[in-house]
Every structure is written in C-alpha cells, then in structure tokens.
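*Asks:* the following block contains a protein sequence and its predicted model.
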Amino acid sequence: MTAQIPVYVINLDRRPDRLARIAAHLADRGVNFIRQSACDAASVPEAEIARVIHAHGPLGQLGLGDRACTISHTMAWATFLGTDACHALFLEDDIFLSQDIAATLASDDWIPPNCNAVKLEKFNAGTSRLLLAPEIGQTPSGRALHPMRSRHVGGGAYILSREGARLALSHRGRYRVPIDHFLFNDTVSPIRRALAPAIVVPAMATQRAYAYESDIAPLGKAIRPKGWKKRLRTLRRGLNEVNQAPRQLWQWATGQARIVDVAFAEDPPQP
C-alpha cells in the first residue's frame, strides 16, 4: 500500500541550535518531521544506559556517547511503531540531504517488500568501494537500490520497515555495538541478514556538510585500548572480517555481487 514516509529527527534537548539548522534544511527540502528527544549521556545515569546497551562488545569497550546515541535511535523506533506507518526515515540532526528527498518520501511503494532497511547515507567523505548485489529497484528520482553485501556504517539517515523496527527493538537490553554497526555491519550485527539492507546509489545523505563538533565525542566513542588490549581488539575485529570473506568472495566470483563506487550526490542521476 502506497503511503508517505514519516521522518524522525533525533536531537538533544540542549542543542536547539542543531534543531534550528535541520528544521531550516528540511523546510527548504519541503519535508516535515517529528522531533525525537535524544538520550543525553551527560545526564542519564550509566546504570540506565546499561539496561539497554552493554559497555563491551565485539568492537571493544564502548563510550557513553555511542551508547546513549544507540538508545536515542531505539526511542525513535518505538515512537514509529506507535503509529500505523509502514516505513519511517530516521535522521541525526547533523545530516544533509539531497534535493530529491521529498520525492523519495512521497510514497513507500519503491521499497521492495523483503527489504527492511534502506541506507540513504554515504558515510564519511569521498567515495567508498562497497560489495553490492545487483540493482533491485530505484527511488522515484532514479537512484539505484542495491542490497548490501559488505559493511558500510553510519546511522545518520536510514529507513526502517515496521518489521525492521520490531526486529531491532527486540534486542533492546542486548545491544553490544553502536547503532550503525548494529544495522549495517555484517561482521558484528545479529540482525543484519534479517534486515536485508539496501543502499541508495548514489547516496542522498551525508554528515560531512557541516562543521559540527560531535556531541558524543567528549563522552567517548569506542574506547581505544593500548598495548595487548589493542592487539587483542585488532585480532577480534580481523577474525570477524575474515569470517565474512568466503561468502563475499563467492558472491563476487559468481556474479551475485560486484564492487561499486558509492558517493554522495545532491542531484539525482540524469535520465
């Protein structure tokens, strides 16, 4: 059933400046949104955070900032599930969106039925080389939709189906990695295969357009250990990557996936 996709913007109460910025940006793009008050690692007790997401996991020790950010996303998912919408777009408040975002959100009939997550964001600057399956559809403005076969993190802009949100929320209390890894890193995510995520190519969202200092950086992202702890973390991460290599090589060799250069583009492809 065709329906407009609602938009949730995650924003800290103490950052009205960032709210004003994204509100103006979305207004310029012709997009309405619902504000989701974020979990603030500067004021929420660690014990409360620990009830939702563990302090340690496959990526090592996690900082309070990343953990609070993850909780903020879960709160937005729960709000979405309290509505009758079939899909929703979740945004962090430092995101910059392409000019065709309103057309993309006008309906959800371009999203394949078995695709429970759509990543709009190209993480970090420049171009990333990703292993992607063949195109399974297009956005209304002609951007390709490719199933993801390798990890590409970043949680600044993504769409979840109701089933995707329910699945993600069912792990509340058992999260062990930050939100973007939980959704889009196939080496550590317990739900990535069930989500069957796809990425929009070229990407239509980026967090590199504004010179914001991260609100969570002073509170710690994944903690960087030293000495033998650092070597152990590197080994664990390496093993996680190696575990995926046979599958990825087989998909590439058999033509089930190929390497695609992905970058952010403000304008959609020309027909």
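*Replies:* Perfect, I can see it now.
*Asks:* just the buried residues of the host helix or strand of residue 80, please?
*Replies:* Per DSSP states H and E, residue 80 falls inside helix 64-81. For helix 64-81, a neighbour-count test (16 or more other Cβ atoms under 10 Å) marks 64-77, 79-80 as buried. The way it works is simple: take the backbone N, C-alpha and C, and place the C-beta from them, glycine included.
*Asks:* stretch 35-46 too?
*Replies:* For stretch 35-46, by 16+ other Cβ under 10 Å, it's 35, 36, 38, 39, 40, 41.
*Asks:* and of those residues, the nearest to residue 161?
*Replies:* Closest to residue 161 out of these is residue 36 (18.1 Å), distances taken as Cβ to Cβ.
*Asks:* which residue packs closest to that closest one, ignoring adjacent ones?
*Replies:* residue 76 (4.2 Å; Cβ to Cβ, 6 or more residues apart in numbering).
*Asks:* where do the helices sit along the protein?
*Replies:* 16-29, 46-50, 64-81, 101-105, 162-169, 179-184, 192-195, 228-253 (DSSP state H).
*Asks:* which of these has the lowest mean pLDDT?
*Replies:* Mean pLDDT across the helices of the chain is lowest at helix 228-253; the value there is a mean of 54.
*Asks:* if I pick residue 111, what's in contact with it?
*Replies:* 87, 118, 137, 145, 159, 161 (Cβ atoms under 8 Å, 6 or more residues apart in numbering).
*Asks:* and the nearest residue to the second one once chain neighbours are set aside, how far from residue 10?
*Replies:* When the adjacent residues along the chain are set aside, residue 118 lies closest to residue 159, with 4.1 Å between them (Cβ to Cβ, 6+ apart). As for residue 159, its distance to residue 10 is 14 Å (criterion: Cβ to Cβ, to the nearest Å).
*Asks:* show me the contacts for the most centrally placed residue in the chain.
*Replies:* Taking Cα atoms, centre = their mean, the centroid of the chain lies closest to residue 155, which sits 2.8 Å from it. Neighbour list for residue 155: 69, 73, 90, 92, 121, 178, 179, 180, 183, 184 [criterion: Cβ under 8 Å, 6+ apart].
*Asks:* the fourth one: neighbouring residues, count only.
*Replies:* Residue 92 has 25 neighbouring residues, counting by other Cβ atoms under 10 Å.
*Asks:* equivalent analysis for the third one, please.
*Replies:* The number of residues packed near residue 90 is 27, by other Cβ under 10 Å.
*Asks:* tell me the contacts of it?
*Replies:* Counting by Cβ under 8 Å, 6+ apart, residue 90 touches 8, 10, 73, 76, 77, 80, 155, 157, 158, 159, 160.
*Asks:* let's go with 10 Å and repeat that
*Replies:* By Cβ atoms under 10 Å, 6 or more residues apart in numbering, the contact list for residue 90 reads 6-10, 36, 72-73, 76-77, 79-80, 120, 155-160, 165, 179, 183.
*Asks:* residue 184 too?
*Replies:* By Cβ under 10 Å, 6+ apart, the neighbours of residue 184 are 117, 119, 121, 123, 148, 150-155, 158, 192, 195, 197, 199.
*Asks:* how confident was the prediction at the closest residue to residue 205 other than its chain neighbours?
*Replies:* Among residues not flanking residue 205 along the chain, residue 157 sits closest, at 3.6 Å (Cβ to Cβ, 6+ apart). Per-residue confidence (pLDDT) for residue 157: 98.
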